[in-house]
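Q: coordinates only, sequence not included:
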Ligand SMILES: Cc1cc2nc3c(=O)[nH]c(=O)nc-3n(C[C@H](O)[C@H](O)[C@H](O)COP(=O)(O)O)c2cc1C
C-alpha cells in the first residue's frame, strides 16, 4: 500500500501552489486538500477578464500542474494529475491530483529552486542578449512533441509595437474591462496588507523615482474611485498606470528581447501544456538572473479572436486589426499556431524590493 503523505509535505505543496502567478494577482483558485489528494477549483468571479473566455485560467491550470510536479519532485511525492476541462464550471475541480509517497527514488527537479524566487519584474532591465546561454538552454529543454512552442525576438517591428499599445488602449476604452482591472490595483500599503491580492502600486516599478510613481498612482486611484476617465486622461494612461507605458524600441532594448509562447490548437490540453512551458521558462530565466514581465493584453485578445470564440466590442476592433498576421510575422510561427503568452525579458537590476512583492491569500487553501 502506498504510504500517506504528511501534513508538512502537503503544506510545502500548497505553499508552492499559492505562489503560482495569476493575471492581476487575482488568485482565482481554491485548493481543497484531503488526506491523499488535492483538488483545484476555479473561481470565475475572481478571474480577470470576466467577460472573456477563460483561456488564461486554463493556461493557469498548466502552471499549477507544473508547480505541483516540481514541488512534489523535491519531497519525493508522486502526483497523479487528472484534468476535467470540458464543460468547465466553478462547481467541479479542474484539476485533481492523487498524492502518494513515491516507491522509487524521484530526482529533485532543479527548476523547483525558482518556485519561491519567481516574480514579475517590471523594472528597467540592465541588458542581456538572446545569445546568452540561458536562451539555448531554454530551446534545448523544449519538448519536441509538445504542442507549445517558444519564440524570441530582439527586433520590434513598428506595426507590432503599435498593436501592443492599441491592445492596452482597448482595455482602457472598454468600460467593463477597465472596471474589472481597476478592482485589482492596490494603491496603498494598507490595502495591500488587508486584501493580500491584486497589484500593489509599488510592483509597477517602471521608474526609479518611486515618489513620482506614487503621486501618479494616487491620481489614478482618484480617477478610479470617481470612475472619471476623460479622453485626455485615457491618452495619458500609459504614464500613470499601464505597464507598457514606455512602449518604444528603446525601452525594449533595455533587455534581451520579447518572448512568445504559442499552441497548436484551441484544445484545453494544449493550453495546459503552454502553461507548463510558461512556468518552466519563467523559472529558468529567473534562476539565471533574468527578469520576466508578461505582456498579455494583446495575445489574450488575439487567441480567442483567431479561434472565433470572442471578439472585442465592435467599436474597438479597429485597434487590433490584423493582429494575428502581425504577431505571426513578428515571431515567425507557422500558420495555425495560436499565440497565448508574450513577455519581455532581460537581465534583472538585482534583488527585487520586498515591499513591492505581491502577497498571497492563505484562504485559497481549504483542508478537509
Ligand atoms: C497569464 C498571466 C498574464 C499576465 N499578464 C500580465 C501583463 O499583461 N502585464 C503585466 O505587467 N503582468 C502580467 N502578469 C503578471 C501578474 O500580474 C503577476 O504574476 C501577479 O501580479 C503576481 O505577481 P508576481 O508574478 O510578482 O508573483 C500576468 C500573469 C499571468 C499568470
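A: Right, received. Where do you want to start? In this text the structure is predicted, and so the values were computed from the model without any measurement.

Q: Could you measure from residue 296 over to residue 259?
A: 12 Å (CB to CB, to the nearest Å). Quick note: C-beta positions are derived from backbone N, CA and C, even for glycine.

Q: Compare neighbour counts for those two and give me the winner.
A: residue 259 (25 against 19; other CB atoms under 10 Å).

Q: now what about the helix or strand hosting the more buried one, what contacts it?
A: Secondary-structure assignment from DSSP states H and E places residue 259 in strand 257-263. Residues from elsewhere that reach strand 257-263, judged by CB atoms under 8 Å, 6 or more residues apart in numbering: 130, 147-154, 156, 252, 270-271, 273-274, 277-278, 281, 295, 299, 327, 330-331, 333, 337-346.

Q: how's this protein carved up into domains?
A: According to automatic domain parsing, the chain comprises the domains 7-117, 133-354.

Q: Please see if the shortest one touches the ligand.
A: Read it as domain 7-117. Yes. Where contact is defined by CB under 6 Å from any ligand atom, part of domain 7-117 touches the ligand, namely 21-25, 56, 59.

Q: got a winner among the residues you listed for most neighbours?
A: For those, neighbours were counted by other CB under 10 Å; the highest total belongs to residue 59, with 29 neighbours.

Q: The residue nearest to it when sequence neighbours are not counted and residue 310, how far apart?
A: Sequence neighbours aside, residue 275 is the residue nearest to residue 59 in space, at 4.2 Å (criterion: CB to CB, 6 or more residues apart in numbering). From residue 275 across to residue 310, the span is 19 Å (CB to CB).

Q: Can you tell me the element residue 64 falls in?
A: Going by DSSP H and E, residue 64 is part of helix 55-75.

Q: Mind checking the pLDDT average for that helix?
A: Mean pLDDT, helix 55-75: 97.

Q: now it against strand 257-263, angle please.
A: Interaxial angle, helix 55-75 versus strand 257-263 (axes from the mean of the first three to the mean of the last three CA atoms, to 10 degrees): 100 degrees.

Q: In this structure, where is pLDDT below threshold?
A: 1-2, 48-51, 205-217, 237-251 (pLDDT under 70).

Q: The same query, at a cut-off of 50, please.
A: 209, 242-250 (pLDDT under 50).

Q: so what secondary structure elements neighbour the longest strand seen in it?
A: Longest strand in the chain, counting residues (DSSP state E): strand 338-347. With contacts defined as 3 or more CB pairs under 8 Å, 6 or more residues apart in numbering; DSSP states H and E, the packing partners of strand 338-347 are helix 55-75, strand 257-263, helix 268-287, strand 290-294, helix 299-307, helix 323-331.

Q: Going by residue numbers, what spans are strands in the chain?
A: Under DSSP E, the chain gives strands at 29-33, 37-42, 77-83, 95-101, 148-153, 185-186, 199-200, 257-263, 290-294, 338-347, 365-367.

Q: Tell me who's in contact with the closest residue to residue 117 other than its chain neighbours.
A: Spatial nearest neighbour of residue 117, chain neighbours left out: residue 286 (5.5 Å); criterion: CB to CB, 6+ apart. Contacts of residue 286 were listed using CB under 8 Å, 6+ apart, and they are 114, 117-119, 292, 348.

Q: Thanks a lot, catch you later.
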